[in-house]
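return atomic coordinates for the entry below.
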Amino acid sequence: MEEKRGPLLKQEEEPWRVLEFYSGIGGMRYSLMKAGIIAKVVEAFDINDKANDVYEHNFGHRPYQGNIETLTAADLDNYGAHTWLLSPPCQPYTRQGLQKQSGDARAVSFLKILELIPHTKQPPNMLFVENVVGFETSDTRAKMIEILASSEYITQEFILSPLQFGVPYSRPRYFCLAKRKPLSFQHGVCNNKLLWSPSPLFEHNENTVSDGWDQPPLNWDTLIHSCEPIERFLEFKSSSDQVTGTDVSADCSGALENIDERNLNTMSQYVVPLSLIERWESAMGILVTFASLYFMHFKFTSSILFII
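Residues are numbered from 1 along each chain as shown. Sure, this is the predicted structure:
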């Protein structure tokens, strides 16, 4: 195995260089932008042609569409990335699926990417992994933690719900934050733990982890009373009726006014039919809003990823 160089540090004014794996239509990239993080996505990776069409339309950059299982450690070193964002396929872990975990072909590429880390000359400083509830009990997650620990990473894992951030949607998700030593987290009490947060994240005591954080809450929906009304996120009205502030709905409402007829024709092929929304609305998430809020609470700084 080749000898590793020191941490891939950057100058204070230099943006974080980011690799976005399983990029989809760009939810992670949009979240970086919404959170005000100074970062540059040097490459995105996704196998889905339609998703890449939307990504290219949104950001003017078409993701790498080859099989990421063919990437080598040298390929990844060439990007000089400080941070990796990974949102691998959830089907091997979802409760509605077969739950084959690492035995599912869709889990293979994620593990192969992680297995390259010990062979890179410049491992990433930080990783951010997102998936469905169910991933936290999988053998894929166990292998991930084993690889990260042997590669000198500290991890913090959370099961969080949009309800904790004022978004009226109760589906919890799994998140893993990882930093390579000598980097560290501001709140070390959460190091190498998997925590369920049964209350709004920003209200916790920064020096202690309260009892029950390692257990799923009995009812996420008790937080619904502290959420913003759903119309703040979904209803676009006239400019005089728009909600003021920095919420996503206001930003999107303004953007909609500037879409020309050509763009509308281009975008129409990606519109989800109302009948499909009505059929599957309970399984759909406010994903971009949700991811943006997480990045606002798990911000990148010049030296550490910390929890506000």
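
next, the distance between the ends of stretch 163-180.
Criterion Cα to Cα, to the nearest Å; first-to-last residue distance in stretch 163-180 is 30 Å.

kindly apply the preceding question to stretch 156-170 instead.
Distance across stretch 156-170, first residue to last, is 22 Å (Cα to Cα).

what mean pLDDT would you report for it?
Throughout stretch 156-170, pLDDT has a mean value of 85.

please point out which parts of that stretch sit buried.
For stretch 156-170, the buried set under the neighbour-count rule, 16 or more other Cβ atoms under 10 Å, comprises 156-165, 167-170. Yep, even glycine has a C-beta here, placed from its N, CA and C like the rest.

just stretch 168-184 next, same as before
168-180, 183.

tell me which stretches of the stretch 1-150 of the chain form helices.
27-34, 49-59, 73-79, 108-116, 139-150 (DSSP state H, counting those that start in this stretch).

most packed of these?
helix 27-34 (a mean of 21; mean count of other Cβ atoms under 10 Å).

let me know which of the helices of the stretch 1-150 of the chain is the nearest to S226.
Taking Cβ to Cβ, helix 27-34 is the member of these nearest to S226, at 21.4 Å.

returning to that earlier point: of all the buried residues of stretch 168-184, which two lie farthest apart?
P168 and R180 (36.7 Å).

can you give me the strands in the protein?
16-21, 39-45, 83-86, 126-132, 153-160, 173-180, 194-196, 298-300, 305-307 (DSSP state E).

turn those strands into JSON lines, columns for distance to H187.
JSON lines is the format used below for the strands of the chain (distance: least, Cβ to Cβ, whole Å):
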{"stretch": "strand 16-21", "distance to H187": "21"}
{"stretch": "strand 39-45", "distance to H187": "22"}
{"stretch": "strand 83-86", "distance to H187": "19"}
{"stretch": "strand 126-132", "distance to H187": "15"}
{"stretch": "strand 153-160", "distance to H187": "8"}
{"stretch": "strand 173-180", "distance to H187": "11"}
{"stretch": "strand 194-196", "distance to H187": "11"}
{"stretch": "strand 298-300", "distance to H187": "11"}
{"stretch": "strand 305-307", "distance to H187": "6"}
